[in-house]
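Student: Next input, structure requested:
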Amino acid sequence: MKQKTVFACQECGAQSPKWLGRCAECGAWNSLVEERPAPEGAVAGAGAAPRYSLARAAGPQLYAEIDTVVAERLSTGVGEFDRVLGGGVVPGSLVLIGGEPGIGKSTLLLQAAAHFAKSAGTVLYSSGEESEHQIKSRGERLGVTPAPLYILAETCLERILEEISRLRPAFLIVDSVQTVFSLKFQSAPGSIGQVREAATQLLFAAKGQNIPTFLVGHVTKDGNLAGPKALEHIVDTVLYFEGEKHHAHRVIRAVKNRFGAVSELGVFEMTGTGLRGVSNPSELFLSERRAGAPGSAVLSCVEGSRPLLVEVQALVSSTSYGNARRMASGIDQNRLSLLLAVLEKRAGVNLAADDVFVNVAGGLTVDEPAADLAVTGAVASSLRNRTVRSGTAVFGEVGLAGEVRGVSHAALRVREAAQMGFTRCVLPEGNCSPDDVPPGIELVGVRTVTEALEGLIDW
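Tutor: Residues are numbered from 1 along each chain as shown. Sure, this is the predicted structure:
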């Protein structure tokens with residue numbers, strides 16, 4: 001009997017009976033890869049029978065009869081990592097963490113594995129990219145002490161499941177899911193069928209045996225997790241490791257979390273002995289700020305439940321070419337073009353013949369609208385070569401009519417600015433509540449972008 005062959009898109013998962021240059025579902029070019037499933041009745045590997053249900057009961061249960069269970073979270077030994085996870089690791093949860101190569105994913109997970117091995121019991125670290133000796137060398141640099149930490153250099157999914165059944169670990173790490181392959185499929189590791197099968201079987205193992213599991217995922221050139229989007233839907237939590245290799249700090253951002261807040265942020269500093277949590281990120285991002293420099297404004301932003309103070313820098317110079325350039329690092333470039341158009345139309349700031357460069361110092365990416373006032377203030381300060389008034393922090397959203405709109409968590413932003421020693425805060429008038437003013441700081445409420453510029457600099 002002829003074996004059936006299908007072509008699966010590596011971007012969206014759509015299948016076709018024949019190869020196509022362009023996927024008919026998502027439009028991706030050259031993304032269809034041939035996949036051949038194993039014949040029916042073939043033995044996938046030794047071990048326990050596969051489990052296809054996440055519930056303990058065999059059938060449906062009445063909603064009113066289901067007991068509410070509050071699982072006790074387990075600490076990873078790194079406070080910032082626990083913060084991003086929502087207070088610690090939930091038993092039986094499946095966490096996917098992605099990031100660029102060399103950014104510190106394996107280092108952080110090895111630190112967490114060493115802590116779990118001492119506090120919770122047996123830990124299994126399965127690596128498909130490094131040998132046992134490489135992991136041992138990193139562990140010696142991190143100061144990992146003797147503990148029930150097992151290292152498995154394996155890429156076969158069935159072999160990994162066998163070791164899980166044998167060891168019954170309290171914590172499991174698979175680095176990375178793109179290197180794992182199942183004997184059920186003849187396609188190469190990293191293909192959509194292999195990634196989906198590996199993630200699903202590890203999900204059944206995590207839920208069925210109540211094992212907290214971490215999967216490491218590769219990222220594409222765009223910074224997104226490689227493989228199908230179905231991979232992100234299977235897991236409970238998705239974390240992104242961000243940061244520049246030229247900076248000592250790293251950032252972990254939660255984009256999906258079934259057990260905690262989404263968009264939570266954790267800040268780390270890379271040291272010779274591993275990643276160390278930063279308890280005061282605002283102090284870190286403002287440590288090298290030059291006071292009294294034109295084109296610099298301090299933004300009070302909120303990432304998840306954490307307020308941060310960051311420096312927004314702008315440089316405006318006469319263009320040397322026919323077309324003025326607009327470049328942004330750390331904020332959306334389209335948002336920058338929109339704000340420059342508002343400045344020209346509503347505030348009378350002529351920037352048509354000038355190059356504009358905007359940067360969020362420290363390599364942090366800020367994507368909330370509350371950064372609008374800081375960007376416009378920094379641009380106007382650089383254009384007029386006048387500094388923002390000393391001790392001033394700012395936040396607020398700018399509309400297309402030039403109005404300044406209120407933002408969320410205003411009291412939290414003002415409190416963080418006051419704790420860092422700032423004496424003035426320019427904010428939307430809708431957020432200017434006298435009841436929430438901490439001692440030692442003055443609130444300047446503004447309604448339009450023109451009023452905001454007058455409150456920030458000597459316009």
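Student: Mind checking the pLDDT average for the longest helix along the chain?
Tutor: Secondary structure of the chain per DSSP state H: the longest helix is helix 192-209. Model confidence over helix 192-209, given as mean pLDDT, is 91.
Student: residues touching Ala226, list them.
Tutor: Gly98, Gln178, Gly190, Gly217, His218, Val219, Thr220 (C-beta atoms under 8 Å, 6 or more residues apart in numbering). Any C-beta I mention is one placed from the backbone N, CA and C, and that applies to glycine too.
Student: mind checking how far the longest helix of the chain is from the chain centre?
Tutor: Relative to the centre of its chain, helix 192-209 is centred 22 Å away, using C-alpha atoms, centre = their mean, to the nearest Å.
Student: Counting by contacts, list what it packs against.
Tutor: For helix 192-209, the elements it packs on are strand 6-9, strand 32-35, strand 94-99, helix 157-167, strand 171-175, strand 213-217, helix 230-234, judged by 3 or more C-beta pairs under 8 Å, 6 or more residues apart in numbering; DSSP states H and E.
Student: Ala205: neighbour count?
Tutor: Using other C-beta atoms under 10 Å, Ala205 is surrounded by 22 other residues.
Student: So what pairs up with Ala328 in the strands?
Tutor: Ala328 has these beta-bridge partners by DSSP bridges: Val358.
Student: next one: Val394
Tutor: When bridges are called by DSSP bridges, Val394 pairs up with Leu299, Val426.
Student: residue contacts, it?
Tutor: Taking C-beta under 8 Å, 6+ apart, we find Val394 in contact with 297-300, 373-374, 377, 388, 425-427, 452, 456.
Student: same deal with Leu62?
Tutor: Leu62 makes no contacts at all, as judged by C-beta under 8 Å, 6+ apart.
Student: Also Val437?
Tutor: Contacts of Val437 by C-beta under 8 Å, 6+ apart are Val414, Leu443.
Student: Which strands or helices does the longest strand that the chain contains pack on?
Tutor: Secondary structure of the chain per DSSP state E: the longest strand is strand 306-318. In terms of contacts (3+ C-beta pairs under 8 Å, 6+ apart), strand 306-318 is packed against helix 281-286, strand 296-303, strand 354-360, helix 372-384, helix 410-419.
Student: Indicate which one of the ones you listed is closest to Leu161.
Tutor: strand 296-303 (37.2 Å; C-beta to C-beta).
Student: Just the buried positions in the closest one, please.
Tutor: Neighbour counts over strand 296-303 (16 or more other C-beta atoms under 10 Å) mark Ser296, Ala297, Val298, Leu299, Ser300, Cys301, Val302, Glu303 as buried.
Student: Tell me the one of these nearest His409?
Tutor: Of all the buried residues of strand 296-303, His409 sits closest to Val302, with 4.7 Å by C-beta to C-beta.
Student: burial of the closest residue to the closest one other than its chain neighbours, as a residue count?
Tutor: For Val302, ignoring the flanking residues on the chain, the nearest one in space by C-beta to C-beta, 6 or more residues apart in numbering is His409 at 4.7 Å. Using other C-beta under 10 Å, His409 has 19 other residues around it.
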